[in-house]
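> Got a predicted structure here, sequence first:
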Amino acid sequence: MGMIKGALQKPITILVIVAGLFFFGIGAVRTIKIDIFPDLNLPVIYISHPYGGFTPDQMESYFGRQYVNLLLYVSGVKSIETRNIQGLTLLKLTFYEGTNMAQAAAEVSTFSNRAQAIFPNGSQPPFIIRFDASTLPVGQLVLSSSKRTNNELMDMANVYVRSSFSSIPGLISPAPFGGNVRSILIKADPELLRSHNLTPDQLVAALRDNNQTSPAGNVRIGDYNYLTPTNTGVKNIADFGDIPLYKNGVQTVFMRDVATIEDGADITTSFALVNGKRSVYLPITKSADASTWEVVQNLKKNIPKFQALLPEDVKISYVFDQSVYVINSVKSLVSEGAIGAILTGLMVLLFLGDRRGALIVIITIPISIISGILFLNLFHQTINIMTLSGLSLAVGILVDESTVTIENIHQHFDMGKPKALAIWDACKEIAFPKLLILFCILAVFAPAFTMKGIPGALFLPLALAIGFSMIISYLLAQTFVPIMANWIMVNKHEHANYLNEAVAQEEDDTWDQKKILVEHPEVGADGKISKFDRFRQRYMRFMDRMLPNRKAIVAVYVLGAIAVVALLITTIGRDVLPKVNSGTFQVRLRAPDGTRLERTEIMTLNTIKVLEGIVGKENIEITSAMVGQHPGQFSTSPIYLFMAGPQEAVLQVNLKEDYKVDLDDLKEKIRAEVKKKMPQVNMSFEPIELTDKILSQGSPTPVEVVIGSKNKKQNAAYAYKVMDKLKKIPYLRDVQLGQSINYPAININIDRIRAAQLGVGVSEISRSLTASTSSSRFTEKNVWIDPKVGLSYSVQVEVPEYQMASKSNISEIPLLSNNPRPVLGDVADIKEGITNGENDDIGSLPILTVTANLNKMDLGTANNDVQKAIKSLGELPRGLNVYTRGLTSTLTDTLDSLQNGLLVAVVVIFLMLAANFQSFKVSLVVLSTVPAVLLGSLVLLRLTGATLNLQSYMGMIMSVGVSIANSVLLITNAEELRKHNGNALQSAREAAALRLRPILMTSVAMIVGMIPMASGLGEGGDQTSPLGRAVIGGLLASTFAALLILPLVFAWVQGNASTQSVSLDPEDKDSKFYIPLHHHEK
């Protein structure tokens, strides 16, 4: 009340404060960072360690398990997951929440450096990356040309484009995808080598001796200090052909005689395809503290600058832009906020007929929202999908604050009071109940501060957005609204002699005056009472018929609501976030293990043709594919997109915006057509939306079952059993192993005794074999400097792939210098076999995973069915673990946190209400509408096919808050009336009649305002529609419960309650223990 009085005494001060909030709020709107997600602070660190040529088994033994043994000493490590493929070990370290990640990263770096001592010779330090939401790409920068090779595009992307990213604050990008590293290739011809009795290793040795990197010395002659550079390094690429080779100690052969020299690229391990043509693209990421929107916009502005650095035939484009997601949400907030404000004003006009009052209500909503953004900025929050959801929800409840104040002012106008007095009495009357309502609504979101993990990181910004806006709205209702009401509202019911009558009659009690307004409404100029007053009288007559049967009605309500809620809770679908039917999707294609890269590329192109045949080529905006394994030099790339080998391809598709299709149906058609035309291909649709990628915590599909034991054969046996069980679940799709365990191999078993007899060492065999089947860069580093660009490039000896195309070619690899024999077949047994194409571990425990997608089924039901399938395997062998992870664990954590949070919020509200009313019974009465909220929300969600998810839970929680707000106002009036007249039945009836108009106004305004969101027709509508539906359902049910059930509950519970205070103070006149002063003194 002091706040209200202070505002009325110094209105200009309040206007200055409000103007300041609005002014600085506008500034905050312009400068606040716009991102997709809040800072999730995920406690994850990745280590990527390449070592060229090693098999997955070697990578696991030499690197993966050695890392695990050392990194267990790092503080706060929760788990270590390892993925080992050819030439790469990728580790994912997950830490316990609360771990100091800066210290953890430092420790990881220290132990990783320590590990170099036990790794094979030539091992380089690993790449260590802290993982956050910002680590995932938010788009792709594509370079394409009809004339250039991928390798040329790769070089341009690295030299000219990626190097320019430093001019864009916050922009980060890994190496380009799809090309290969420029290299100088010395392609040895095996036939010519054999004809000259030379080995590949001799070429490597000649290259080492004739192209060296030597430091320049200094010579001091006279007054000068001369540099002495030498031409030990080859200057021109063609000069590599002039390197002499020695035969029997005599120089008779040159490099050009047995090899061709090319300015080419390293051995091709991958292609990128954009719209079916080979291209190169740069995944675009940002630093953790940068704004996604600003980074992407600055990148788009700089594209002409990048374009100017490239030849005219090379074009740059930015595709798969994830930043539009949050901008669409901003547009939705603006449109829904505007609609909410307008509809609220219409409700005030409809119920009160007051245009000026409606204007006041409309003004307070944008001021509250903008001020809320100001405080979000001050607390280092961003505009993201969660704060936007919070602000969208806040629009609904902001309606309540000013509307209730304006309606109560009109009630006091109707009593005939002068305008200033009516405004003062109206605001004073509801000041404390509204403060209590504010605390109750804030309490609903208080559990956000105790939630852990991803749910806590998501929920906290939402709670802050609502909290800040609510607090500002409350303060405006207590200060700004009464000032504006005094200035612009008109009191048409003021009695000229009101003050004289009040003095003569010693001023009737306010409650008596309100009773008169309810029982005997004012007659208009036409001799009739208003339509609303007639409606209120019919409502009171209806309540008169219900009140005598209150016990039976309340019992049916409570038991029925609880039973239906319990039934719906157990049967309604559950997801982490609502499913989005967007026009973008990603699919991973797997050819049989070990399929050549070129074959996998054809498979990918055929899949694109299948897609074009289904949707029409004209309806596809762009396709982007990564085929094969990332080059070994770019070991950070697998963190962004993991590719296990040449048999894999990942295809991303963006359909035209005006092409509407049910994504699940489209996926089914693609599956069927691909299976028909390429039965050997396994496919699995993966998350492409950034939200899904982060929430899945690295799992490629919604369902991922982990099978782990120390016995790899046992893992495989049980993985196939799990696959058989999952394939029987009718809505599961793409059930397959996540790892390659049948990779073809040509095992070369060296006979060491035979080799020794023939004078060949194992090291010579290894070097010749590596140069022939891979590249000499793995055994001998050699570089050449391009004087035009000033960069160094690898020089390497290799045998062209087409000349090493059979086991006989392998067996004919020469081993000794200047001797035609022995060849590899003389000292080794060469046989075909199979091996693991990927070895995955958790800790040191080998694992396999079985992955599956869902077709038109919620994740909660799927998780339950998968768990049943796992249990049906029976008792597992000792040491074998089978469990689910990924999105299913996120779902469990999220819903458990929200359910526990809602329960805690209800308990906190109950205790606050008990402290306010000094009665536990009255607190229970206020909470009696909560079952109706849950019932209404769940019923509408079920009817519309929505699921229980983060968004719908937010709607339910908000509906609980609004319901409690309405209940507090009604019960506060009822309890004060009961203390005034001593009759609970009559008090319940009169309080319900008094609160009928404000409850209907706020509820109808909020329900109508939520219809655009609930319809899902706006930008990002699929994501937010469950939130709107939950709010509408909860408010519809709680409004009926507040007006029809709550008065009955109050009349029943408080029917025999005492009107005396529960005070124990003997000096309190309202206490039944009151002792008059003169008795006390005696």
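Yes, it's here. Numbering: from 1, shown residues only.

> ok, the nearest residue to Thr947 once chain neighbours are set aside to Thr861 distance?
Setting aside the residues directly before and after it, Thr947 is nearest to Gly573 in space (CB to CB, 6 or more residues apart in numbering), at 3.8 Å. In this view, the C-beta of every residue, glycine as well, is placed from N, C-alpha and C. Distance of Gly573 to Thr861, computed by CB to CB, to the nearest Å: 6 Å.

> and if you look at Phe23?
In terms of CB to CB, Phe23 sits 51 Å off from Thr861.

> With Trp293 instead?
In terms of CB to CB, Trp293 sits 36 Å off from Thr861.

> Counting neighbours, go ahead and name the busier of these two.
The residue with more neighbours, out of Trp293 and Thr861, is Trp293; 21 against 18, by other CB atoms under 10 Å.

> host element of the more buried one?
helix 292-308 (DSSP states H and E).

> Flag the shaky bits of this protein, pLDDT-wise.
1, 133-134, 247-251, 333, 336-337, 340, 344, 493-528, 1018-1021, 1077-1082 (pLDDT under 70).

> Who's the closest spatial neighbour of the residue nearest the centre of the chain, skipping the chain neighbours?
Most central in the chain under CA atoms, centre = their mean is Thr691, positioned 3.0 Å from the mean C-alpha point. Spatial nearest neighbour of Thr691, excluding adjacent residues (CB to CB, 6+ apart): Leu577 at 6.0 Å.

> What of Gly708?
That would be Ile847: by CB to CB, 6+ apart, it lies 4.0 Å from Gly708.

> Alpha carbons of stretch 775-782, as CSV, please.
Provided in CSV are the C-alpha atoms of stretch 775-782 (Å, rounded to 0.1, in the frame of the first residue of the first chain):
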residue,chain,number,x,y,z
SER,A,775,51.5,-43.2,-48.6
SER,A,776,55.0,-42.5,-47.6
ARG,A,777,53.8,-39.6,-45.5
PHE,A,778,53.0,-42.1,-42.8
THR,A,779,56.6,-43.2,-42.5
GLU,A,780,58.7,-40.3,-43.9
LYS,A,781,57.8,-36.6,-43.6
ASN,A,782,58.8,-34.5,-46.6
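
> Which other helices and strands does the one helix or strand Asp724 maps to contact?
Per DSSP H and E, Asp724 falls inside helix 712-727. Judged by 3 or more CB pairs under 8 Å, 6 or more residues apart in numbering; DSSP states H and E, helix 712-727 is in contact with strand 703-708, strand 732-737, strand 845-854, helix 859-871.

> Work out the gap between the helix holding Trp293 and the centre of the chain.
Relative to the chain's own centre, helix 292-308 is displaced by 24 Å; criterion: CA atoms, centre = their mean, to the nearest Å.

> quick one on the thing from earlier: distance to Leu1046 added to the helices and strands packed on helix 712-727, as TSV?
Shown next, in TSV, are these (distance: least, CB to CB, whole Å):
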stretch	distance to Leu1046
strand 703-708	44
strand 732-737	46
strand 845-854	41
helix 859-871	33
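
> of those, which approaches Phe379 most closely?
helix 859-871 (32.5 Å; CB to CB).

> To which secondary structure element is Gly1028 assigned?
Using DSSP H and E, Gly1028 falls within helix 1021-1040.

> what comes up buried for that helix?
1021-1039 (16 or more other CB atoms under 10 Å).

> Show me how far it is from its chain's centre.
23 Å.

> on contacts alone, who are the packing partners of that helix?
helix 324-352, helix 385-414, helix 930-943, helix 950-981, helix 984-1015.

> closest one to Asn916 among those helices?
Judging the helices and strands packed on helix 1021-1040 by CB to CB, what sits closest to Asn916 is helix 950-981, at 8.5 Å.

> by how many degrees do that closest one and helix 984-1015 diverge?
Orientation of helix 950-981 against helix 984-1015 (axes from the mean of the first three to the mean of the last three CA atoms, to 10 degrees) gives an angle of 160 degrees.

> follow-up on the earlier one: and the residue nearest to Thr691, how many neighbours?
Neighbours of Leu577 (other CB under 10 Å): 24.

> can you pull the contacts of the nearest residue to Arg162 once chain neighbours are set aside?
Distances taken as CB to CB, 6+ apart place Ser173 nearest to Arg162, at 5.8 Å, with adjacent residues excluded. Neighbour list for Ser173: Leu141, Arg162, Phe165, Leu282, Pro283, Ile284, Thr285 [criterion: CB atoms under 8 Å, 6 or more residues apart in numbering].

> Tell me the backbone dihedrals of Ser173, please.
Phi and psi for Ser173, reported as degrees, to the nearest 10, are phi -150, psi 140.

> can you check Gly645 too?
phi 180, psi -180.

> Count residues in the vicinity of it, would you?
Counted with other CB under 10 Å, Gly645 comes out at 22.

> Which residues are in contact with it?
Ile85, Gln86, Asp593, Gly594, Gly628, Gln629, Ser740, Tyr743, Gly837, Glu838.

> Are any of those buried, and if so which?
Counted by 16+ other CB under 10 Å, the contacts of Gly645 give Ile85, Gln86, Asp593, Gly594, Gly628, Gln629, Ser740, Tyr743, Gly837, Glu838 as buried.

> Since that was my last question, I'll sign off now.
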